[in-house]
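>>> No letters, just coordinates:
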């Protein structure tokens, strides 16, 4: 296996004066390689960016130290973490100490290209200007030359470089809370190698990792890589040749044994390349080759794909060893049943938690349905393994190839089966057969994703406002921001593009765009708005649970000089369900900054009452589902009344959504709701219509009278 190593990244990795790999990562990798009987070939690179590029282009199989970086994540797997290396900020001693990274907004910070520090700045501090360099020494030099204000990087790596350049006078200003954990980064196609690495890492304790890291931290690799040492190299080559000659002359029998052993290892490695390590089944590489052979020979074949949905849960809660054992037991049970009924079928492990059955010469729908049901019956039931007992289930999707009617590649046929399986999972059905309309739906979603990405980048979305009113005085007290997408061919509903954004990860960009434009809007209208007016802005569940909401809210409110007390952050109960502790901490920090916090669609979530006592909520928004029939349904009246009583006992304001009739408004007011929004008062309207209708002097004076006259 070819391993990329960077020449100047001590203590993790570096090349010494004799051109040998040194450091924490090569030592650990050598230990793991010896346990797994893997042959390593190190490929030195001058910079981390060059090493990443080599992995992208397939010139190496893995990185000795792989940072968590967006340039790597699409096509690598990371080994288990071993030890954490702090990330810290350094600036010159004669400059003031920097206590918060946020204070560097608009300033230049130097980083090593491709490093985790560069990714942290890009994701967490988008307002900081980043300038990347090939190595730490160049980054430090940029600060000395006045080209950057500070350096952000692995603190141990920077400190080693500073010790080798004592004339530089730097101070460590701050250290980020989350360190960067050392991992091996393995190319996506080498999952077997990843499993071997993880098994080797699992044999060592956390104390061992810390001790070895501390040892390499105490070293000081000041001698630069790539030094010209021709005499030393010649001596080393001659010595190596002499040793090999002596071994060849006096240990010929030993050499033959070694050759036989090497051949055995090569055969074993070849088996690992084509079979899954834990189940022994053909892996994705061999599965694709087998399928291609059938397609090239123009032989009919069907592909059935099923999942093991609880595999990830087992890994997370019981560890890798039991997770691999559970996967093996699951596969063995299915394989035995399939072989009894269909001897020609082949079971293979495809990817993640998906298995594939190849069934040659079978295209009949009834036979495929019969095999699908057999798989489901076999997978459904108790899986008992050591102390683990869990109930398992699966879904099946299948697709067929008929050489008389179509021409397909292996990847396309597997893709069809995966689309069918995904459809079965999404619609909670046991079995789904592939048909062309499923691909068309997928293509439409991919197209919509691409268009939405461009719409966000090109500022093609529009903000609308739905006013909110006090039920008692009928005066304007706020508005909720809603996003609309108008195109040349017509408008696209949020019900279409918001789920696509959530499924594809675009929702963070969408939330960021909506919040910044909301702050711009508030800045434009602030002088004309009522003093107690609040603008409500929604954040998605994932943005809140991952901690991005607080950074977006605080940074953009500060950028546009908006008082946080004029902004209400709306979140749903599902945001607390994804990452409860993280979401609670993030919401608390937004409340501490002065933002109002509203629970949107209250009463429709998972565990409404349980979360109220733990969150710094200022407003409950009762969902429209409870108002639509409130004037006719006594149960809805009791439910809303109970919600209002609970909210008031906790000093929360209450706003009811979806008010469409005067009778609904009257009942809501009698029950105790203070604020309301809905079509009775106003539909969502553009900023211009909002300003002309509610923010001119005459409107501000007559608004209450106009609304009261509706009665």
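Thanks, I have the structure now. What you see is a predicted model, and the numbers here were worked out from it, not measured in a lab. Numbers count the residues shown, from 1 in each chain.
>>> and the gap between residue 14 and residue 135?
The gap separating residue 14 from residue 135 is 11 Å, by Cβ to Cβ, to the nearest Å. Where C-beta positions appear, they are placed from N, C-alpha and C, glycine not excepted.
>>> Residue 215 and residue 22: what is the separation?
Noted for residue 215: a distance of 11 Å to residue 22, by Cβ to Cβ.
>>> of these two, who's got more company?
The neighbour comparison of residue 215 against residue 22 (other Cβ atoms under 10 Å) goes to residue 22, with 20 against 12.
>>> was I right about that one contacting residue 15?
Yes - the pair residue 22 / residue 15 is scored as a contact, 7.1 Å apart, by Cβ atoms under 8 Å.
>>> tell me the phi and psi of the residue most central in space within the chain?
The centroid of the chain falls nearest to residue 505 when counting by Cα atoms, centre = their mean (7.7 Å). Taking degrees, to the nearest 10, you get phi 90, psi 0 for the backbone angles of residue 505.
>>> re the thing from before, residues bridging contact with residue 14 and residue 135, i.e. touching both?
Residues touching both residue 14 and residue 135 by Cβ atoms under 8 Å, 6 or more residues apart in numbering: residue 8.
>>> Look at the two and report which has more neighbours.
Comparing residue 14 with residue 135 by other Cβ under 10 Å, the one with more neighbours is residue 14, at 26 against 22.
>>> which SS class is the more buried one?
Following DSSP: H, G, I helix; E, B strand; the rest coil, the label given to residue 14 is strand.
>>> Correct me if wrong: it contacts residue 25.
No - under the criterion of Cβ under 8 Å, residue 14 makes no contact with residue 25, lying 9.6 Å away.
>>> mind listing what the closest residue to residue 338 other than its chain neighbours touches?
Computed as Cβ to Cβ, 6 or more residues apart in numbering, the closest residue to residue 338 that is not its neighbour in sequence is residue 345, at 5.2 Å. Residues near residue 345 by Cβ under 8 Å, 6+ apart: 338-339, 357-360, 371.
>>> what would those look like in TSV with secondary structure?
Listed next are the contacts of residue 345 as TSV, based on three-state DSSP:
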residue	secondary structure
338	helix
339	helix
357	strand
358	strand
359	strand
360	strand
371	helix
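>>> most surrounded residue in those?
The most crowded member of the contacts of residue 345, judged by other Cβ under 10 Å, is residue 357 (24 neighbours).
>>> On the three-state scheme, the closest residue to that one other than its chain neighbours is what?
In space, and not counting its chain neighbours, residue 357 is closest to residue 304: 4.3 Å by Cβ to Cβ, 6+ apart. With three-state DSSP as the basis, residue 304 sits in strand.
>>> Can you tell me how far residue 304 is from residue 394?
Distance, residue 304 to residue 394, by Cβ to Cβ: 11 Å.
>>> what's the overlap in contacts for those two?
Counting by Cβ under 8 Å, 6+ apart, the common neighbours of residue 304 and residue 394 are residue 375.
>>> where in the stretch 101-250 of the chain is pLDDT low?
Applying pLDDT under 70 to the stretch 101-250 of the chain flags residues 165-167, 220-250.
>>> same thing but 50
Scanning the stretch 101-250 of the chain for pLDDT under 50 picks out 221-233, 236.
>>> now for the one helix or strand residue 666 maps to, which elements pack on it?
According to DSSP states H and E, residue 666 maps onto helix 662-671. Contacts defined by 3 or more Cβ pairs under 8 Å, 6 or more residues apart in numbering; DSSP states H and E place helix 662-671 against helix 634-649.
>>> what's in contact with the helix it packs on?
602-603, 609, 612, 620, 622, 626-627, 629-630, 653-654, 656, 667-668, 671-673.
>>> are any of those buried, and which?
Buried subset of those (neighbour count, 16 or more other Cβ atoms under 10 Å): 602-603, 612, 620, 622, 626-627, 630, 653-654, 656, 667-668, 671, 673.
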